[in-house]
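Student: Fold the following and give me the result.
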Amino acid sequence: MLDKFLTKQPKGDRWIVVFPSMQQTLQAHQLMESSGVQGDFIPTPKGFGPVCTTAIVFSGFHGPEVQELLSNHGLHPQALEPWRSVPPGEAWQNALEQVETAAYGDLLNRVREMNAPSLEEVEQLLSPPTPADHRALQGAADALRQETLGDVVDIRGAVEFGNQCRKNCHYCGLRKGNQQLPRYRMDNKAILAAVGDVYALGIRTVILQSGEESPEATESLVELIKSIKKQYGLRITLSLGERSLEDYRAFRRAGANNYLLRIETTDPEVFARVHPDDDLQERKQHLLWLREAGFLLGTGGIVGLPGQRVASIAQDILYWRDLGANMIGVGPFLPAEHTPLENHPPGDLDLTLRAVAVTRLLCGRAFIPATTSLATLHPDGQRLALEWGANSIMLINTPETYRANYQLYQKKAKVDLDFACRSIKEARRILPNYIRGVTC
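Tutor: Here you go, the predicted structure:
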């Protein structure tokens, strides 16, 4: 399974190194590069370390050299050893029995082991030739999710604390050019109260989400992060758009753990068409800065943007894999009123689910949410995503006073704990035991 993550390593024996902190992982990676040892970031595979952490893989030829290098610099990994392959389980075998097209079945099997699937091969995965192959893709993604992450669905709570934004993305209802949208920005006291509601549910990770605010907000955000850590001890994911490297470092020092910065599309033409005041290469640089600052990386994309092709989506998935992203959100385009794309049709449900499945196959143990946008597109969208490889759900814990004005798109689904429980139950999955007072 390790091979499918690698973009540069030759085939043959491989080693893996895992550290308890991202800071140590980055330090080790820099030491290896300075010594001429190429290492690739991947989500830590099952059996080597905790979920939603980052490991480094490298050619086994350099194993003793890396071991000595790390020891000489006082770095002590929790794992530094040859890769142990895991044979396919029963669920995977059952999925492959449904294959009708032999070449498609061969591709599904090879993707577990191949060094670097080509763009054409990822396109083929996204385009199963027959209904039976379509079912096999779903079954394979669900089997890999079960093998690597289990049946428990991770629950996180989001507080959308402000809708002010300095960007003008053509698909987003928060764009600064939307003069019809009432703007709001919760103060830190109100945000802390909303985070307290998340904490009361037993949820362990809160997502702080807003439009892209001005740099003047940095100091207030740092104080907010510190207060959440002090009062509740929750893990904190930030989704604040592009900031400076100094801001990212300040947020990390304050105690934030994860950062979600969706690239939306890696197709240069599509990106330029929908982001009039953004640059694709700059967005990629920000993702590298976030890793440099020590964050676990979250990113993702939109399916159904104007001009997007299946090849574009395939390239997105390859980029997420090469980045070693820890969290990857895949959702359909949904039109928002008072935007240049308000009359563009929604993204296709089936293509979005196939993108979720192929992301699972190529990105292994990454956390993939059953997105709110899928729940908005189709009444069963969240349940379907869980059946196609997703393993987490984000609840919307924004106070009712503000929720209606966080209009990324029209008719946004209200994903609360009851909604999530229904999806989990219908998908025959398991609610995490840290959730208080609720059973599915």
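Student: tell me the centre residue of the protein?
Tutor: Ile328 (1.8 Å; Cα atoms, centre = their mean).
Student: thought it was touching Trp320?
Tutor: Yes - applying Cβ atoms under 8 Å, one finds Ile328 in contact with Trp320, separated by 5.2 Å. Where C-beta positions appear, they are placed from N, C-alpha and C, glycine not excepted.
Student: if I look at the two, which residues touch both of them?
Tutor: 299-300, 359, 363, 366 (Cβ atoms under 8 Å, 6 or more residues apart in numbering).
Student: Please flag which of the residues you listed sit within helices.
Tutor: 359, 363 (DSSP state H).
Student: which stretches of this protein form strands?
Tutor: 14-18, 39-43, 54-59, 79-82, 154-162, 205-210, 235-239, 258-260, 296-303, 327-332, 392-396 (DSSP state E).
Student: Which residue ranges make up the domains of this structure?
Tutor: 2-82, 90-149, 154-426 (automatic domain parsing).
Student: Can you tell me which of those domains is packed in deepest?
Tutor: Scoring the domains of the chain by mean neighbour count under mean count of other Cβ atoms under 10 Å gives domain 154-426 as the most buried, with a mean of 20.
Student: First-to-last residue distance for that domain?
Tutor: Using Cα to Cα, to the nearest Å, the end-to-end distance of domain 154-426 comes to 16 Å.
Student: Any idea which of the domains of the chain has the lowest pLDDT on average?
Tutor: Among these, domain 2-82 carries the lowest mean pLDDT, a mean of 83.
Student: Now for the residue nearest to the centre of the chain: which residues touch it?
Tutor: Counting by Cβ under 8 Å, 6+ apart, Ile328 has contacts 298-300, 320, 359, 363, 366-368.
Student: Tell me the spacing between it and Tyr171.
Tutor: Per Cβ to Cβ, to the nearest Å, Ile328 is found 19 Å from Tyr171.
Student: Also Ala79?
Tutor: 41 Å.
Student: With Ile155 instead?
Tutor: On the measure of Cβ to Cβ, Ile155 and Tyr171 end up 27 Å apart.
Student: Also Leu353?
Tutor: 20 Å.
Student: same thing with Glu426?
Tutor: 29 Å.
Student: and if you look at Arg422?
Tutor: Relative to Tyr171, and taking Cβ to Cβ, Arg422 is found at 28 Å.
Student: and if you look at Gly304?
Tutor: Counting by Cβ to Cβ, the gap from Gly304 to Tyr171 is 10 Å.
Student: Now the common contact residues for the two.
Tutor: Shared contacts of Gly304 and Tyr171, counting by Cβ under 8 Å, 6+ apart, come down to Phe333.
Student: and the lengthiest helix in the chain, how far from the chain's centre?
Tutor: In the chain, with assignment by DSSP H, the single longest helix is helix 131-149. A distance of 19 Å separates the centroid of the chain from that of helix 131-149, by Cα atoms, centre = their mean, to the nearest Å.
Student: I appreciate the help and will end here.
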